[in-house]
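# following is a predicted model, sequence given first.
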Amino acid sequence: MLHLALAESLSRLTRDNTDFVRLLAQDDFDLSLYRPTEPDTQTPHARDEIYVVATGSGTFICEEERSAFRAGDAIFVAAGKPHRFEAFTPDFSVWVIFIGPRP
């Protein structure tokens with residue numbers, strides 16, 4: 001069993017002075033936490049991903065589609081699709097689950 005607390009995971013981001021931390025890596029999925037700064041400069045990924053918004057709110061853009069999000073929402077993005085978070089609150093953080101074999 002593995003239990004990851006949000007507060008502890010957020011403290012790892014602060015301690016490591018980073019916006020992304022991989023918390024669990026398996027052959028077919030990874031679990032990470034992401035707390036971007038404006039602007040979100042991520043590029044398309046080689047694996048499908050699911051975002052689960054832990055804290056905050058804002059706008060998510062995938063290709064040309066825009067949608068509002070808030071804590072508790074889940075967002076799926078297929079591999080290779082350009083996407084980013086925008087106009088998010090200062091407390092924004094999101095769990096990131098990469099799905100599928102590593103490239």
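Good, I have the coordinates.

# dump the residue contacts of Glu38.
Phe88 (C-beta atoms under 8 Å, 6 or more residues apart in numbering). In short, each C-beta sits where N, CA and C put it, glycine included.

# now it: which helix or strand?
Element membership for Glu38 (DSSP states H and E) is empty, with no helix or strand holding it.

# pLDDT score assigned to it?
What the model reports as pLDDT for Glu38 is 88.

# all strands in this protein, in order from the N-terminus.
Using DSSP state E, the strands of the chain run over 20-25, 29-34, 48-55, 57-62, 65-70, 74-77, 83-86, 93-99.

# from the contact counts, what lies against the last one?
It refers to strand 93-99. Contacts defined by 3 or more C-beta pairs under 8 Å, 6 or more residues apart in numbering; DSSP states H and E place strand 93-99 against helix 6-16, strand 29-34, strand 48-55.

# can those go into a markdown table with extra columns for distance to Phe85 and mean neighbour count?
Formatted as a markdown table, the helices and strands packed on strand 93-99 follow (distance: least, C-beta to C-beta, whole Å; neighbours: other C-beta atoms under 10 Å):
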| stretch | distance to Phe85 | mean neighbour count |
| --- | --- | --- |
| helix 6-16 | 15 | 12 |
| strand 29-34 | 9 | 18 |
| strand 48-55 | 8 | 18 |
